[in-house]
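Q: predicted model and sequence follow; I will ask about them next.
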Amino acid sequence: MSRWRPPGPKSSPYITPEGYQSLETELRDLWTKRKEVTQALSAAAAEGDRSENAEYIYRKKELRGIDRRIHYLQKRLPALNIVSQPPDDQDRIFFSAWVTLENEAGEEITYRIVGADELNPKKQYISLDSPLARALLKKTFDDEVAIKNELKETRYTVIDINYSKN
């Protein structure tokens, strides 16, 4: 059995200026952390037998994870398009919009449509590649959107579109 997996679908190359800054900061922090882990790895390697050295094994795994993320960020950052200006037609939903929706039960929820690298459910950020965001794109006030999954269909009504920070 091989370890090969087909590549995942490409995510959209758009990002907000705040998201790009966050990724750059993460990359800088990873380089700093890498130095610390490398020093700890050297110290663990100096202790002798590496095959049964838990600290050495742990630090190697940690270093692999850091290197993998650094490699990803170094390839991803140049490929991103920073979207810093709101669209001309601010009555429609596009990238970086704050969208307030009302569901069938009358409950309101606000989402911001951001790039795949900025996805953060705690901040109500949804990816541009998500089914909800795709359904919302180019919609305007009072438009209705239906999202289907295997279990049910959920309907939302757009009640507010905003491009400035809430």
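A: Sure, I can see it.
Q: what about the protein, any weak spots by pLDDT?
A: By pLDDT under 70, the weakly predicted segments of the chain are 1, 165-166.
Q: who does the lengthiest helix in it touch, helix- and strand-wise?
A: For the chain, the helix that runs over the most residues, judged by DSSP state H, is helix 17-45. Helix 17-45 makes packing contacts with helix 54-79 when contacts are defined by 3 or more CB pairs under 8 Å, 6 or more residues apart in numbering; DSSP states H and E. (Glycine included, C-beta is placed from N, CA and C.)
Q: same for the very next helix or strand once past the helix it packs on, what does it pack against?
A: Counting by DSSP states H and E, the next helix or strand C-terminal to helix 54-79 is strand 81-82. The elements that strand 81-82 packs onto, with contact taken as 3+ CB pairs under 8 Å, 6+ apart, are strand 14-15.
Q: so what strands line up beside the strand it packs on?
A: Strand 14-15 sits in its sheet next to strand 81-82 (parallel), going by DSSP bridges.
Q: report the distance from the partner strand to the chain centre.
A: Chain-centre distance of strand 81-82: 14 Å, with CA atoms, centre = their mean, to the nearest Å.
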